[in-house]
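> take a look and give me a structure for this.
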Amino acid sequence: MTSGDFVIEISGGSPTQSTRRIAYILDEMLKGFENPLICSNFCKAISLKDKNLFYYFIFVWKQLYDNGLFFGYEGKTSGIKNFLFDDFVSFYEIVVPSIEILEKFNKTVSPLFSTIIKNRQENAYLSHLRDFLLPLLMNGQIRINQAETPMPATVKPKTSNKKGEIITFKPTNVDYYKRSLLAVEIVWQLHKEPTLGHLKLQKLIYLCQKSTNMQLPTNFLRQAMGPYDNRLMRSIDKQLKDKKWFEYQKNKVLKYQPLERVGQHHNDFLKYFYSESESIQFLIDTFKSIKSDTVEIVATLYACLDNMLTERVIFSEALLIKRFYEWSEEKKKFSENEVKKVFSRMKEKGIIPKEYNFSNNVVL
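Sure, this is the predicted structure:
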């Protein structure tokens, strides 16, 4: 099944409930499944010739169902009610709105359906988190912090709060697992691209972490090739291989070779990164076929911008370019014109720290 398809209940119902309950398929749903979806027993899969009618069809069908119209299109064999689908589509007619009205309608309701799906994903994630944390709370393995503001697991506060001492937390197994999930999601989507290697993967992890402000156990230091964590790739390669997701083979054109459990991480990825998944997907799509050198420029410029914010330095493009070349002698391999073009694309795509507003040339 593909996005835009419907699944209709053909057999079932009850004396007070008709058949014809309906389920719709969207891209956001398909991403939550490892294998293709198929229509099974007692249901019928349908596709619309005109996909622009997708949302309108949902509302019309729901209205017909709520008003009990489908009771008139039921047959009964062996005590089971069956929907007379062919009779219904042959005799029942509905009004189809004009293209202009349909476009306005779709523009209005499409974000609502996206919100519904995100809320469902968030509920699934919170349920998973509850099931994980509750046993640990009950047996005393973890305690709820008494501080006024909850602290992320990877933050190490320096002082105590008046309401109670703040405990210094270290990264947990969950934090390391989340880091592996982010890495394998990037590899899973890009492993058929010859541009993917250690450098590009690490830069994408850095950009994902920085742009979404997520807390992960990484230690990006100032290296010649930009912000880099020397231990990170060795750890990730080992975890991906241990999980039987991918194996890194440096002598092959496609560096990451899939193993027997490839793709089986994806449900956990959606659970742990439900709120960041859209931003992560944007970065993956943006840099899918981009060479490592360009990703290196982007990550280094992003780090320079981030440092300028921390230092409260007044922004200018000339200062940013100066900071870029001061990062390392290695940066001289890039021409100033090339760096400026990359920075221009970063502004167009919004791949910059959120505090910058270049449309008004100000820092928020």
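
> please parse the chain into its domains.
Listed by automatic domain parsing, the domain ranges of the chain are 5-96, 173-363.

> who wins for proximity to Ser127 among those?
Minimum separation from Ser127 across the domains of the chain (Cβ to Cβ) falls at domain 173-363, 9.1 Å. Using the backbone N, CA and C atoms, a C-beta is placed for each residue, glycine as well.

> picking up where we left off before, any idea which of the domains of the chain scores lowest on pLDDT?
Mean pLDDT per stretch puts domain 5-96 lowest among the domains of the chain, at a mean of 82.

> got the end-to-end distance for it?
19 Å (Cα to Cα, to the nearest Å).

> centre of the chain versus it, how much separation?
Offset of domain 5-96 from its chain centre (Cα atoms, centre = their mean, to the nearest Å): 29 Å.

> touching, Leu270 and Lys31? I think so.
Yes. Shown here, Leu270 and Lys31 form a contact pair, counting by Cβ atoms under 8 Å, at 6.8 Å.

> how about the contacts made by Ser277?
Residues in contact with Ser277, defined by Cβ atoms under 8 Å, 6 or more residues apart in numbering, are 269-270.

> deepest of the domains of the chain, which one?
Mean neighbours per residue, mean count of other Cβ atoms under 10 Å, is largest over these for domain 173-363, with a mean of 17.

> for the stretch 51-200 of the chain, which segments count as strands?
Secondary structure of the stretch 51-200 of the chain (DSSP state E, counting those that start in this stretch): strands at 74-77, 80-83.

> looking at these, which is nearest to Lys44?
Of all the strands of the stretch 51-200 of the chain, it is strand 80-83 that lies closest to Lys44, at 7.9 Å by Cβ to Cβ.

> residue nearest the middle of this structure, spatially speaking?
In the chain, the residue lying closest to the centroid (Cα atoms, centre = their mean) is Ser277, at 1.5 Å.

> check the chain for its longest helix and report it.
Criterion DSSP state H: the longest helix present in the chain is helix 99-138.

> and that helix, how far from the chain's centre?
Centre-to-centre, helix 99-138 and its host chain are 12 Å apart (Cα atoms, centre = their mean).

> helices or strands up against it?
helix 27-30, helix 54-66, helix 266-272 (3 or more Cβ pairs under 8 Å, 6 or more residues apart in numbering; DSSP states H and E).

> again, 10 Å this time
Other elements packing on helix 99-138 under the criterion 3 or more Cβ pairs under 10 Å, 6 or more residues apart in numbering; DSSP states H and E are helix 27-30, helix 54-66, helix 173-190, helix 266-272, helix 277-286.

> now those in a markdown table, with distance to Leu134?
Formatted as a markdown table, the helices and strands packed on helix 99-138 follow (distance: least, Cβ to Cβ, whole Å):
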| stretch | distance to Leu134 |
| --- | --- |
| helix 27-30 | 28 |
| helix 54-66 | 36 |
| helix 173-190 | 14 |
| helix 266-272 | 16 |
| helix 277-286 | 25 |
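
> since that was my last question, I'll sign off now.
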